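Participant: Have a look at this prediction, sequence included:
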Amino acid sequence: MHLGFSRLSFVILLLLAFCLTLVPHPGRAAEKRAHLQVIVPEEDRFTPFAQTIHVGDSVKWINMDTDDHTVVSDDFVNTTGRFGLNVLLKGTENNGGKPGTFTLKFPTPGTFVYYCRFHSHLDASHQPVAPGPDGGIQADDGNFGTPMMGVITVLPEE
Ligand SMILES: [Cu+2]
């Protein structure tokens, strides 16, 4: 996984996202926001891992990595009504140098758990397979990693 987008671009994007969270939200009930989910370049992970939003808000996934990734809903535990999702997010290498994006609106409260089917699937013994030295979830230093996944909590209208 070499770097298509410079690390500086990524840092600038994160700073912009952070600044947007500092903007006050008067009349919050009428105003719907878009929240960012960024796939970190050179690392197979979504960030932030967990995010809390409100009904009517949207989440935009941005794949800053060179590789393709996916957003797949974990329908066994989802309670937001957003089922059956299986979206390919092209990496910059397969998308003319641009990050692949996907936006999803959440009209009902609940919990939305999702993963990338390329980087957190189950093996033949139904054990999670995630990035790691041996294709498993334990790193060289013994640390157990996290499969490529995330969770969005959708709160009711304020
Ligand atoms: Cu992935």
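Facilitator: Thanks, I have the structure now. In this text, all values refer to a predicted model and were calculated from it rather than measured experimentally. Numbering: from 1, shown residues only.
Participant: only C-alpha atoms for contact and neighbour calcs from this point on.
Facilitator: Fine.
Participant: Just the closest residue of the chain to the ion, please.
Facilitator: The shortest separation between the chain and the ion is 3.7 Å, found at His69 (distances taken as CA to the ion).
Participant: Report how many residues lie close to the closest residue to that residue other than its chain neighbours.
Facilitator: With CA to CA, 6 or more residues apart in numbering as the measure, Leu89 is the residue that lies nearest to His69, at 5.2 Å, once sequence neighbours are left out. Neighbour count of Leu89, defined by other CA atoms under 10 Å: 24.
Participant: Likewise for Phe76?
Facilitator: 8.
Participant: what sits against it?
Facilitator: With contact set as CA atoms under 8 Å, 6 or more residues apart in numbering, Phe76 has no partners.
Participant: roughly how far apart are it and Gly84?
Facilitator: Counting by CA to CA, to the nearest Å, the gap between Phe76 and Gly84 amounts to 10 Å.
Participant: ditto for Asp74
Facilitator: Following CA to CA, the distance that separates Asp74 from Gly84 is 8 Å.
Participant: Please say which of these two ends up with more neighbours.
Facilitator: Under the neighbour definition other CA under 10 Å, Asp74 and Gly84 were set side by side, and Asp74 has more, 19 against 10.
Participant: I'd say the more buried one and Cys116 touch.
Facilitator: No - Asp74 lies out of contact with Cys116 (CA atoms under 8 Å); the separation is 10.0 Å.
Participant: how about the residues of the chain near the ion?
Facilitator: Among all residues of the chain, those adjacent to the ion (criterion: CA under 5 Å from the ion) are His69, Cys116, Phe118, His119.
Participant: For the second one, give its distance to Pro156.
Facilitator: In this structure, Cys116 lies at 27 Å from Pro156, with CA to CA as the measure.
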